[in-house]
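Student: Sequence first, predicted coordinates after that:
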Amino acid sequence: MAPESLNTSRIYILSNNWSGARRILGSPDSRGLTMVSIADCDASSQWMFRETSRPGYYYMHTVEAGTSKAVDVLNDEGAESKHMVLTETGAQTGQFWRVDAWGDGFYRFSNLFTGEDKHLDVYFDTYGPHLAPANCIGQHWTLGVHQEAHQENRESSAISSDLVQDLRLETSISPDGDTQHTYMHSEPDSGERAVLVTENWKQSRLLGRGGFGSVWLETCISGPRQGEFRAVKEIKKQDISADFTIDYSRELQAVAKFSHRKVARPDIHHYSHCFVQSNGWWDDQSSVYIAMEYLHRGDLQNFLQEPLSEDDTKQITKQIVEGLGFMHDQRFAHRDLKPQNILVARDRPNWWVKIADFGLSKRFDGNTALRTQVYTWGYAAPEVLGIFTRHDIDLPRGAIEEYSTAVDIWSLGSVVYRMRTGQVAFEDIRDLSQYVAWERPFSKDLLISRNSSAGCTQFIESCLVPSPTQRPAASQLAGDVWLNA
């Protein structure tokens with residue numbers, strides 16, 4: 001009988017007691033199974049279970065392949081295969097899996113075709129999944145909840161919230177990408193009542209493209225905002241299987257919370273200067289579009305060809321800390337803070353920067369961990385990369401994951417280091433591992449060579465504490481002596 005915790009509306013990460021928490025079950029080539037590094041976690045190593053025609057047995061699907069393919073023990077000849085594969089979902093019993101609680105916090109996978117005496121195992125040398133009899137450590141699996149899948153209601157509650165829906169723009173899109181919005185507009189100064197108006201925007205040029213979408217520059221060619229510019233982020237829906245949570249929900253929720261002028265709460269208005277502002281969103285069958293203010297100076301990365309002065313660095317850092325503090329107070333973590341996601345509204349001598357791109361942001365509560373393994377090298381916290389201190393490695397997984405906002409503090413320290421030195425703090429994974437896991441002292445040499453003050457160096461070092469449990473909160477950093485000197 002399957003354990004009560006197995007839920008067909010959840011996405012799981014599967015780790016093995018033999019290969020350890022650093023490796024998870026994946027199917028990177030959409031066919032054969034293997035144990036991959038947790039740092040490489042993506043849709044090919046995120047799993048869902050779906051009931052079969054046989055009570056108590058389940059199909060195993062990856063998010064990447066969707067429900068069209070399931071884990072099978074059969075090869076093309078219908079015989080037992082040495083290695084697990086993904087085949088077209090059907091009635092073959094090699095795809096029928098039973099999941100039983102086994103020991104303290106572990107589960108064991110049995111297959112209907114091979115019988116109850118064989119279980120999903122991991123080779124001790126290659127970490128390759130296979131079927132084996134008896135009971136051994138390689139058959140003990142951990143099911144970590146990656147996220148709720150909501151198959152019946154694929155759009156999360158964030159999408160359907162009143163606040164998010166209030167920001168939706170009535171829109172028609174022409175074949176060439178131009179858009180027309182229709183809305184009620186009034187001119188209080190002239191005494192004019194609200195009237196229905198249309199606003200037309202023309203796509204000008206591509207501003208950038210990344211793993212989570214493209215950003216276009218658009219110009220308003222008619223309507224009350226004629227002549228103005230905006231940046232429109234396009235997120236392709238088809239990048240994620242229709243059977244699972246639409247990934248842009250968290251970005252819309254964060255945009256509605258931090259970046260929209262319609263928000264009436266005074267505490268949010270007080271911090272609106274910290275975030276790139278949005279004018280709303282719309283979608284079509286293939287994409288979701290988020291309209292953001294256009295800042296022609298671009299992002300902070302454009303200003304880092306040379307190290308910044310300590311005064312410039314301090315100005316920028318203080319503003320980022322203010323924005324992060326508010327996000328964390330509202331129980332959001334950004335999770336991808338880097339120079340490219342810090343836009344410049346005004347540069348020296350009086351800097352004004354704004355936090356942007358909430359594509360990886362996540363709302364959390366007391367028991368919600370940030371399990372999605374996403375990162376940008378040079379700014380990602382070590383725990384996101386699966387690198388832990390000797391003390392933390394022995395802690396329960398949830399004890400580390402509870403420190404959700406600590407990933408932003410590490411990223412902040414990395415950004416400040418980059419501003420002062422022109423380089424990232426750690427060259428590669430080996431360099432980072434030596435600092436975190438091998439307890440090598442933090443190197444201040446480059447900071448000292450740039451004439452960084454002791455206060456600046458200490459601020460950076462406090463953000464880059466190896467253990468997330470020991471990093472300061474943004475609210476603590478806001479009172480830092482160096483920032484306020």
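Tutor: Here it is on my side, so go on. Residues are numbered from 1 along each chain as shown.

Student: Lys202 should be in a strand, yeah?
Tutor: Yes: under DSSP: H, G, I helix; E, B strand; the rest coil, Lys202 falls within a strand.

Student: List the residues that contact it.
Tutor: 178, 218-219, 221 (CB atoms under 8 Å, 6 or more residues apart in numbering). C-beta here means a position set from N, CA and C on the backbone, and glycine is covered the same way.

Student: try it again with 6 Å
Tutor: Lys202 sits next to 178, 219, 221 when contact means CB atoms under 6 Å, 6 or more residues apart in numbering.

Student: Out of those, which is nearest to Gln319?
Tutor: Distance to Gln319 across these (CB to CB) is lowest for Thr219, with 28.7 Å.

Student: Hmm, Gln203 and the closest one touching each other?
Tutor: No: counting by CB atoms under 6 Å, Gln203 is not a contact partner of Thr219; they are 8.4 Å apart.

Student: quick one on the thing from earlier: could the contacts of Lys202 go into TSV alongside distance to Glu427?
Tutor: Conversion of those to TSV gives the following (distance: CB to CB, whole Å):
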residue	distance to Glu427
Asp178	45
Thr219	42
Ile221	48
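
Student: out of those, who has the most neighbours?
Tutor: Neighbour counts for those, by other CB atoms under 10 Å, peak at Thr219, which reaches 18 neighbours.

Student: how much space between that one and Val344?
Tutor: 21 Å (CB to CB, to the nearest Å).

Student: How about Cys456?
Tutor: Counting by CB to CB - Cys456 and Val344 are separated by 21 Å.

Student: out of the two, which sits in the busier spot?
Tutor: More neighbours surround Cys456 than the other of Cys456 and Val344, with 24 against 21 (other CB under 10 Å).

Student: give the contact list for the more buried one.
Tutor: 310, 482.

Student: Out of the helices and strands in this protein, which is least certain?
Tutor: Here the helix or strand of the chain ranked lowest by mean pLDDT, DSSP states H and E is helix 157-160, holding a mean of 44.

Student: Read off the pLDDT value for Val164.
Tutor: Listed pLDDT for Val164 reads 78.

Student: for it, helix, strand, or coil?
Tutor: helix.

Student: who touches it in this structure?
Tutor: 252, 256.

Student: and it, how far is that from Trp282?
Tutor: 12 Å.

Student: Also Pro55?
Tutor: Pro55 is 44 Å from Trp282, by CB to CB.

Student: Compute the number of surrounding residues for the nearest residue to Asn16 once chain neighbours are set aside.
Tutor: Computed as CB to CB, 6 or more residues apart in numbering, the closest residue to Asn16 that is not its neighbour in sequence is Val122, at 5.0 Å. Val122 has 25 neighbouring residues, counting by other CB under 10 Å.

Student: Who does Val122 form a beta bridge with?
Tutor: Pro129 (DSSP bridges).

Student: Need the pLDDT of it.
Tutor: Val122 is given a pLDDT of 81.

Student: Ile316 now?
Tutor: pLDDT, read off for Ile316, is 99.

Student: burial of it, as a residue count?
Tutor: Neighbour number of Ile316 under other CB under 10 Å is 24.
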